[in-house]
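A.B. asks: Output the structure for:
(chains A, B, C and D)
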There are 2 protein chains.
Amino acid sequence: MTLRGIGGEFGVSMTPAREAVRRLAAEGALFLSSSGRVTTPELTNERIEELAALRALLEVELASRALPRAHMALIDRLQTINSNVAEMVSKRDAVGYIRTNLEFHRTLYLRAQAPAMLAMAETVWLQLGPTMRALYGRLRRTDPPQNHRLIIAALKAGDEPGLRLAVRSDVTQGLRLLAG
Amino acid sequence: MTLRGIGGEFGVSMTPAREAVRRLAAEGALFLSSSGRVTTPELTNERIEELAALRALLEVELASRALPRAHMALIDRLQTINSNVAEMVSKRDAVGYIRTNLEFHRTLYLRAQAPAMLAMAETVWLQLGPTMRALYGRLRRTDPPQNHRLIIAALKAGDEPGLRLAVRSDVTQGLRLLAG
DNA sequence: CATCCGCTCATGTGATCACAAAATCTGGTG
DNA sequence: CACCAGATTTTGTGATCACATGAGCGGATG
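C.D. replies: Reported below is the predicted structural model:
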């Protein structure tokens, strides 16, 4: 991966390519060697476990903060998104599944009114991107998103411990398969 | 704050200034308006509370992961750093205090062997930089860092709940003053 | 006197170029 | 055949420039 190559690939010069690369590196999605060479960070099991733990920490907190603000309209939207998730699963569309799945989470966390925390969660998602791709592309499961159901149920019931547990399970389950 | 101005201030051209600004913006330390204008993010109480909560989440986890790997040499180093912290407090050197205080935390968290998590914690520190500056510059206290003592004691005793509590208190106490 | 429109200037963006450093290739030697 | 030294090419960095866009200001109008 060279700056000139990336620039040429998108029809721009080196300058925007450099900025994009530097930004992605600042967010941890790319790795800059000491000589400025850009590589993709190696996906070791340790790193995946770490990022999964970060997801659990951040997203459980975000969900918990969203809970008191969650009203019926939000839950309806979550259920709509969740049906899209189920559709992607049944179509075995890995990238579509990842996109709608993250949309589900983001929609919930937006209610937490915690932009800095949400930004950090999205940074983690970005770093996990290639891993998720590898993971869900490999999965041949057609289960509907059971944990999402639990999340919605806990939201309806105002059950905070249940919500925390459901979010933690949802975030951790897939990645445990890959890293374990 | 203009790119040309920043560049001129450090004797470089626009290009490095732009990259630095973009990187800081990607890390949340600066805010880029839609037109590319760069401003310092407004330090509302909500934002400070959020960042303090992030510190608590991340650093409690980092300390907990460092605990089983903490041996005597590490504790000795922490005590040395802590005496430097106390010296900065007695000299009322706010920026020196912030630097040594963060060195104390970083030294402990390095043992957690969790580079991604540590990087996120450092990002939060960066975002809290101006706030810490304002906070500790205002503090006229000469107390020795009591919470650091508790952290070290918990490390020695292998007391994980105590360590979590001590770290949480240390991280939260100062910021609660400002945001409360 | 307030408000709105227009202009001017400052500012960010992206392209191109010169340069230095690193990597890769090549040829020779043990 | 392996390995090392020198040459060449590739690559990132930083500077400079042209251009479009948005901001700030001044004047005209109600």
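A.B. asks: nearest residue to residue A:51 other than its sequence neighbours?
C.D. replies: Nearest residue to residue A:51 in three dimensions, chain neighbours excluded: residue A:128, at 5.2 Å (C-beta to C-beta, 6 or more residues apart in numbering or on different chains). To be clear about C-beta, it is placed using only N, CA and C from the backbone, and glycine gets the same treatment.
A.B. asks: What of residue A:47?
C.D. replies: Excluding the flanking residues, the one nearest residue A:47 by C-beta to C-beta, 6+ apart is residue B:116, at 6.3 Å.
A.B. asks: For that neighbour, give me its contacts.
C.D. replies: By C-beta atoms under 8 Å, 6 or more residues apart in numbering or on different chains, the contact list for residue B:116 reads A:28, A:47, A:50, A:51, A:54, A:127.
A.B. asks: Which ChimeraX command selects the buried ones in those?
C.D. replies: In ChimeraX syntax, the buried subset of the contacts of residue B:116 is picked out as below (16 or more other C-beta atoms under 10 Å in any protein chain shown):
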select /A:28,47,50,51,54,127
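A.B. asks: Show me which helix runs longest in chain A.
C.D. replies: If you go by DSSP state H, chain A has its longest helix at helix A:115-138.
A.B. asks: quick one on the thing from earlier: how close does the residue nearest to residue A:51 sit to residue A:99?
C.D. replies: 14 Å (C-beta to C-beta, to the nearest Å).
A.B. asks: Identify the residues contacting the residue nearest to residue A:51.
C.D. replies: A:48, A:51, A:52, A:55, A:175.
A.B. asks: Spatially central, which residue of chain A would that be?
C.D. replies: The residue lying closest to the centre of chain A (C-alpha atoms, centre = their mean) is residue A:125, at 3.6 Å.
A.B. asks: Distance check, that residue against residue B:91.
C.D. replies: Relative to residue B:91, residue A:125 is positioned 44 Å away (C-beta to C-beta).
A.B. asks: quick one on the thing from earlier: isn't the residue nearest to the centre of chain A right up against residue A:102?
C.D. replies: Yes - with contacts counted by C-beta atoms under 8 Å, residue A:125 reaches residue A:102, the gap being 5.9 Å.
A.B. asks: burial measure for the residue in chain A that DNA strand D sits nearest to, as a count.
C.D. replies: Scanning chain A for the residue nearest DNA strand D gives residue A:36, at 2.5 Å (criterion: C-beta to the nearest atom of the strand). Residues lying near residue A:36 (other C-beta atoms under 10 Å in any protein chain shown) number 11.
A.B. asks: Helix, strand or coil: sort out it for me.
C.D. replies: Three-state call for residue A:36 (DSSP: H, G, I helix; E, B strand; the rest coil): coil.
A.B. asks: For it, give me phi and psi.
C.D. replies: The phi/psi pair for residue A:36 (degrees, to the nearest 10) reads phi 90, psi 0.
A.B. asks: Tell me which residues touch it, please.
C.D. replies: Per C-beta under 8 Å, 6+ apart, neighbours of residue A:36: none.
A.B. asks: quick one: it from residue A:85, how far?
C.D. replies: Taking C-beta to C-beta, one finds residue A:36 at 40 Å from residue A:85.
A.B. asks: Would you map out the domains in chain A?
C.D. replies: A:3-39, A:45-179 (automatic domain parsing).
A.B. asks: what about the shortest one, start to end distance?
C.D. replies: If I follow you right, that is domain A:3-39. Start-to-end span of domain A:3-39 (C-alpha to C-alpha, to the nearest Å) is 11 Å.
A.B. asks: buried sites along that domain?
C.D. replies: Buried residues in domain A:3-39, counted by 16+ other C-beta under 10 Å: A:3, A:6-7, A:17-30, A:38.
A.B. asks: quick one: is that domain near DNA strand C?
C.D. replies: Yes - Domain A:3-39 comes into contact with DNA strand C (C-beta under 7 Å from any atom of the strand), by way of A:7, A:11, A:12, A:13, A:14, A:15, A:16, A:19, A:33, A:35, A:37.
A.B. asks: now residue A:32, which residues is it bridged with?
C.D. replies: On DSSP bridges, the residues paired with residue A:32 through beta bridges are residue A:38.
A.B. asks: okay, it: pLDDT?
C.D. replies: Per-residue pLDDT puts residue A:32 at 94.
A.B. asks: Residues of chain A that sit close to DNA strand D?
C.D. replies: Going by C-beta under 7 Å from any atom of the strand, the residues of chain A near DNA strand D are A:1-5, A:14-15, A:18, A:32, A:35-38.
A.B. asks: redo that, cut-off 6 Å
C.D. replies: By the rule C-beta under 6 Å from any atom of the strand, the part of chain A lying against DNA strand D is A:2, A:3, A:4, A:14, A:15, A:18, A:36, A:37, A:38.
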